[in-house]
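Visitor: All I have is the shape, not the residue letters:
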């Protein structure tokens, strides 16, 4: 029921389409970009439910107040205290190693504001847990959700982050002025 409703909204009413050539294994990280609007969250939830999967996601703790907190947790939200330096990447890597299935969606930019300096936590989680990173792009210009590449972290962070950023270069965010590489 929910899947059919999300498909109706995303594909028929909103007119989005997908270009996905990478399969989702049992364990993976989704890097989702560009992240320029709160609409990206809604699009991600609609897409995952329309396609019949659930990915957890990181969100700043300030969003987890009542009544949104229980809703975000149910949707897969993991609150993050950005003011504290915790071992979140290590904890998530260990959690992924313990589970039979694991899917986590992260926006590498870490903010909706323009930033050329992307966060690398998603890379280190994947590296520590030996997970592929599926590169999902939201292209508001062409109304498409694309995943045609996966990256397996090998520890060469600078080179692989440059390739990841380059992959996202053609995508147009909801607010294009907020997306810079």
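Guide: Looks like it came in fine. In this text the structure is predicted, and so the values were computed from the model without any measurement.

Visitor: Flag the shaky bits of the chain, pLDDT-wise.
Guide: Per-residue confidence of the chain (counting by pLDDT under 70) places the weak regions at 63, 82-86.

Visitor: For it, just list every one of the strands.
Guide: Along the chain, counting by DSSP state E, strands occupy 17-20, 27-33, 56-60, 77-80, 102-106, 133-139, 144-151.

Visitor: Direction included, what does the fifth one pair against?
Guide: Read it as strand 102-106. Strand 102-106 has these partner strands in its sheet, going by DSSP bridges: strand 27-33 (parallel), strand 56-60 (parallel).

Visitor: got the end-to-end distance for stretch 59-69?
Guide: Across its full length, stretch 59-69 reaches 11 Å end to end, with Cα to Cα, to the nearest Å as the criterion.

Visitor: you'd agree residue 49 is up against residue 1?
Guide: No. Checked against Cβ atoms under 8 Å, the pair residue 49 and residue 1 is beyond contact range at 10.5 Å. C-beta here means a position set from N, CA and C on the backbone, and glycine is covered the same way.

Visitor: Who has more neighbours out of those two?
Guide: In this view residue 49 and residue 1 are compared by other Cβ atoms under 10 Å, and residue 49 has more residues nearby, 19 against 5.

Visitor: ok, now which ones touch that one?
Guide: Counting by Cβ atoms under 8 Å, 6 or more residues apart in numbering, residue 49 touches 2-3, 6.

Visitor: what about 6 Å?
Guide: For residue 49, the contact set (Cβ atoms under 6 Å, 6 or more residues apart in numbering) comprises 2, 6.

Visitor: how near is it to residue 76?
Guide: From residue 49 across to residue 76, the span is 11 Å (Cβ to Cβ, to the nearest Å).

Visitor: do the same with residue 123
Guide: Using Cβ to Cβ, one obtains 20 Å as the distance from residue 123 to residue 76.

Visitor: got the residue ranges for the helices in the protein?
Guide: Listed in chain order, the helices of the chain (DSSP state H) span 2-7, 39-50, 68-75, 88-98, 121-129, 157-168.

Visitor: Mind listing what's buried along the first one?
Guide: Translated: helix 2-7. Buried residues in helix 2-7, counted by 16 or more other Cβ atoms under 10 Å: 6-7.
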